[in-house]
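Chemist: Build me a model from this:
(one chain, ligands or ions: 2)
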Amino acid sequence: MIHSVSILGSTGSIGRQSLAAAERLGIRVEALAARRNISLLEEQIRRAKPSYAAVYDKKAAADLRVAVADMPVEIGEGLEGLRRAATVDCEAVVTAVSGSVGLRPTLDAIAAKKRICLANKETLVCAGSIVMKAAADRGAEIVPVDSEHAAIFQCLEGRRDQLKKILLTGSGGPFRGWTREQTASVTPEQAVRHPNWRMGAKISVDSATMMNKGLEFIEAMHLFGVTPDDIQVVVHPQSVIHSMVELVDGTVLAQLAVPDMGLPIQYAMTWPEREPSPYERLDFWKMRDMTFEAPDLAKTPCLALAMDCARRGGVAPAVMNAANEAAVALFLQGRIGYNDIYDRVAEAVRRAPDMADPTLDDILAADLEARQLVTGR
Ligand code: NDP
Ligand code: MG
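Modeler: Residues are numbered from 1 along each chain as shown. Ligands and ions are numbered 1, 2, ... in the order given. This is a model prediction of the structure:
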């Protein structure tokens with residue numbers, strides 16, 4: 001169990017739940033970071049009393065400095081501020097920013113040997129090999145917050161060497177089974193309404209396109225050191241099983257719980273111990289069916305593309321991720337249609353250079369280029 005934490009992305013869906021969990025568990029919050037939502041960040045600062053807070057947007061940072069002038073908190077800004085928030089004096093960092101902007105601060109936190117409570121999957125998709133190697137070299141713990149990976153992590157505790165196959169479950173999102181013709185007119189409002197989970201806008205759209213499962217496929221490869229052939233995606237619309245592992249002898253272990261991100265967040269903080277929690281319990285009498293099906297890759301081209309990028313390696317996953325971030329932002333702004341997300345990402349991936357062992361600079365350059373290609377800037 002950790003005793004102090006820094007929360008990157010504290011005003012977001014995972015960030016707010018992480019702050020609540022820290023408060024409930026009596027964990028000291030040493031730093032907070034957000035992009036521009038300073039009204040919520042101010043509330044959080046007044047409550048949690050961190051010594052440091054970072055705001056990515058410089059104008060918002062200046063406004064926050066004025067607003068909390070009566071508090072003993074230092075306010076940083078820009079990427080530097082976010083990186084500093086990742087390295088303040090504390091035991092663990094919750095990486096709950098959205099997007100590959102989380103990459104550098106995560107590497108900084110690893111270099112400072114902090115436990116990473118990892119929600120920001122984009123970081124592993126972009127630079128999983130570099131991040132996992134840095135963590136191993138430095139002896140920094142990475143405990144996944146993403147519910148599927150938290151499930152796999154728990155199923156594998158004490159038996160990593162017995163793993164045969166990962167069964168990565170996913171609900172299939174709100175448009176499961178829809179054809180391209182049917183999804184053509186999907187609006188941002190429809191796409192962010194997930195049947196089982198309340199999440200930030202970007203990941204909700206990713207869940208609808210199944211890109212989220214694709215990102216998680218790559219995230220699982222890196223976290224658990226397996227190849228694409230060792231991971232099978234299983235559509236399980238009820239989201240009761242959060243993922244499973246098949247062991248060498250054929251035994252399958254699953255982790256079940258109500259779909260509430262509070263649970264994996266708490267476990268990432270208390271691991272390897274467990275603490276009581278206030279979350280709803282599974283009631284097997286009320287549970288209706290649990291069903292399973294194979295993903296229809298023809299109807300979920302983003303998932304198929306991510307699986308291809310996982311096999312291709314190099315900068316392909318980083319390009320896919322960056323193009324997806326840019327395309328989803330355009331979709332949420334109403335500037336492109338739902339089906340354009342896949343089209344733009346696929347185009348960026350087609351143009352991605354082949355590179356065997358990209359450096360961090362290669363990855364960041366490919367990320368930037370993919371964003372520029374998608375936004376036309
Ligand atoms: P949200 O959009 O709800 O929150 C994102 C957070 O990151 C906000 O606090 C935002 O600040 C902050 N942020 C964004 N860009 C920057 C930046 N450049 N600098 C500093 N802060 C920044 O996202 P979620 O909480 O839904 O997701 C966060 C991460 O967790 C993602 O990687 C997602 O894939 C992952 N995840 C989320 C799950 C969920 O249930 N929500 C489940 C599993 C994984 P501001 O509010 O000021 O914009
Ligand atoms: Mg997930």
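
Chemist: Stretch 269-288 and ligand 1, any residue contact?
Modeler: No. Applying CB under 6 Å from any ligand atom, one finds stretch 269-288 out of contact with ligand 1, separated by at least 13.8 Å. Using the backbone N, CA and C atoms, a C-beta is placed for each residue, glycine as well.

Chemist: Now do that stretch: distance from first to last residue.
Modeler: The first and last residues of stretch 269-288 sit 32 Å apart, counting by CA to CA, to the nearest Å.

Chemist: Let me know the average pLDDT across that stretch.
Modeler: Within the predicted structure, the mean pLDDT of stretch 269-288 is 95.

Chemist: mind listing what's buried in it?
Modeler: Within stretch 269-288, the residues that count as buried by 16 or more other CB atoms under 10 Å are 269-271, 277.

Chemist: Can you report how many residues neighbour residue 40?
Modeler: Other residues near residue 40 number 15, with proximity taken as other CB atoms under 10 Å.

Chemist: Could you list the low-pLDDT ranges of the stretch 251-377 of the chain?
Modeler: For the stretch 251-377 of the chain, no stretch is flagged by pLDDT under 70.

Chemist: Which stretches in it count as strands?
Modeler: Counting by DSSP state E, counting those that start in this stretch, the stretch 251-377 of the chain has strands at residues 252-256.

Chemist: and the residue nearest to residue 356 when sequence neighbours are not counted, what is it in contact with?
Modeler: In space, not counting the residues next to it along the chain, residue 356 is nearest to residue 314; the distance is 6.3 Å by CB to CB, 6 or more residues apart in numbering. For residue 314, the set of contacting residues under the criterion of CB atoms under 8 Å, 6 or more residues apart in numbering consists of 352-358.

Chemist: try 6 Å
Modeler: Contacts were defined as CB atoms under 6 Å, 6 or more residues apart in numbering; by that measure residue 314 touches 354-355, 358.

Chemist: Closest one of the residues you listed to residue 73?
Modeler: Minimum distance to residue 73 across the contacts of residue 314 is 38.0 Å, recorded for residue 358 (CB to CB).

Chemist: isn't that closest one right up against residue 315?
Modeler: Yes. If you go by CB atoms under 6 Å, residue 358 and residue 315 touch, sitting 4.9 Å apart.

Chemist: of these two, who's got more company?
Modeler: For the pair residue 358 and residue 315, the greater number of neighbours falls to residue 315 (26 against 21), based on other CB under 10 Å.

Chemist: neighbours of the residue nearest to the more buried one when sequence neighbours are not counted, just the number please.
Modeler: Taking CB to CB, 6+ apart as the measure, residue 315 lies nearest to residue 366, with 4.0 Å between them; neighbours along the chain are not counted. Around residue 366 there are 24 other residues, counting by other CB under 10 Å.

Chemist: residues touching residue 366, list them.
Modeler: Counting by CB under 6 Å, 6+ apart, residue 366 makes contact with 315, 318-319.

Chemist: And the contacts of stretch 48-67?
Modeler: Taking CB under 6 Å, 6+ apart as the criterion, the residues outside stretch 48-67 that touch it are 29-33, 35-36, 38, 42, 45, 73-77, 81-82, 85, 88.

Chemist: Same check on stretch 84-91?
Modeler: Surrounding stretch 84-91, the residues in contact under the criterion CB under 6 Å, 6+ apart are 2, 4-6, 8, 30-31, 33, 52, 54, 76, 93, 105, 108-109, 112.
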